[in-house]
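Enquirer: model this:
(chains A and B)
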Amino acid sequence: MHELGIVFYIIRDVKKVAEENHVPLVKTVVMNIGEVSTVVPEYLTDCWRWAADKEEVLKGCELRCNILKAVTTCNACGAEYATVEHGKICPLCGSEDTVLKCGNEVEIKEIEV
Amino acid sequence: MDPVKVIEIKKSIFEDNEVDADNLRKELKAKGVFLLNLMSSPGSGKTTTLIQTIRLLKEKLRIAVMEADIDSNVDAVKIKEATGIPSIQLHTGGMCHLDAEMTRQGLDNVDLEGLDLVILENVGNLVCPAEFDTGSCKNAMILSVPEGHDKPLKYPLMFSICDVVVINKMDVLPYFDFDLDKCKEYVHMRNPKAQVIPICAKSGEGVENFAGWLLQEVKNWKNQ
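Expert: Residues are numbered from 1 along each chain as shown, chains lettered A, B, ... in the order given. Predicted coordinates for the structure are as follows:
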């Protein structure tokens, strides 16, 4: 539901990098999207198409999403496990004292020009 | 075909916002103004809670309100008519949240001179506002009884960033399967430090506890 807002942030940051590097046209933007970032990649690319084509430097520019696995660390037994599969409860020891190690990234990895 | 050149960026899209938010907090601190970010889902009673809270605090603090919505100015008008305090409406232009830059733009339209407290009523939404730091000094959220006691499990980020969780519409408790003890337990699973304050904004019952918390936080902010 907030993908359009995120697209505006991406556009702002990419335009800045393009300007700094004197790039007239960006061909591809590659994103790192964590599995539990609450960003839906399909919505993101739909919103991207609509918004990016309105920008001279991003006309026709493709948005690609790399999906990063989410991993949770258990503070009780030290195990690391797949967040999407097991959620907040450690599958090894049953503890709820767990913390997300990675998987909530929404970052611009690189651009191709 | 032109050779493709790759420019590595590797930057979180939230990074700039976090810097903006920290700067805004420093500026507010220098001016002695406390900014409260109030969040909830649509229809949980944010505006009614604010009106009751302002009635209790307006003799003690100089207050202004910023209402953020996708469209309309009904909330800003309601606050101004009911309490007489300055109230401005921000339009997010379709965005589902406010970020620090938008908050700053809103504050530019508020006369901060002599103010103690600005309350930002964020867009009604339990997802996006939790991800964007507005630059506020404290975060509060309202969960209303009809929404259900399981919301802290479903929207963990929102509950984990809030300093206080107000449970509103306690008057309709007999008509819903809302378990207050379970709700508190779930909130504390996500955020052991969060205070939970049950109220009924319509009758004003319990609102003094929220107003008391807010008054103390404003004092702490000024004396820190």
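Enquirer: residues touching the residue of chain A found nearest chain B, list them.
Expert: Residue nearest to chain B within chain A: A:His2 (3.8 Å; Cβ to the nearest Cβ). C-beta coordinates here come from the backbone N, C-alpha and C atoms, glycine included. Applying Cβ atoms under 8 Å, 6 or more residues apart in numbering or on different chains to A:His2 gives the contacts A:38-39, B:95-97, B:127-128, B:131.
Enquirer: Now do the residue located most distally from the centre of chain A against A:Leu100, distance only.
Expert: Largest separation from the mean C-alpha position in chain A: A:Cys93, at 30.5 Å (Cα atoms, centre = their mean). Look at A:Cys93 and A:Leu100: by Cβ to Cβ, to the nearest Å, they are 17 Å apart.
Enquirer: any weak-confidence spans in chain A?
Expert: A:1 (pLDDT under 70).
Enquirer: Please repeat the previous calculation with a cut-off of 90.
Expert: Filtered on pLDDT under 90, chain A yields the residue ranges A:1-5, A:37-38, A:87-88, A:96-97.
Enquirer: Show me the strands in it, by range?
Expert: Per DSSP state E, chain A carries strands over the ranges A:28-34, A:62-68, A:71-74, A:80-82, A:98-102, A:106-112.
Enquirer: Okay, now the sheet partners of the second one, with direction.
Expert: Strands flanking strand A:62-68 in the sheet, each with its direction: strand A:28-34 (parallel) (DSSP bridges).
Enquirer: tell me the angle the partner strand makes with strand A:98-102.
Expert: Compare the direction of strand A:28-34 with that of strand A:98-102 by axes from the mean of the first three to the mean of the last three Cα atoms, to 10 degrees and you get 160 degrees.
Enquirer: Tell me what angle strand A:28-34 forms with strand A:106-112.
Expert: Using the same axes, to 10 degrees: strand A:28-34 against strand A:106-112 is 160 degrees.
Enquirer: which other helices and strands contact the longest helix seen in chain A?
Expert: Assignment by DSSP state H gives helix A:3-20 as the longest helix of chain A. Packed against helix A:3-20 by the contact rule (3 or more Cβ pairs under 8 Å, 6 or more residues apart in numbering or on different chains; DSSP states H and E) you find strand A:28-34, helix A:41-52, strand A:106-112, strand B:6-12, helix B:15-31.
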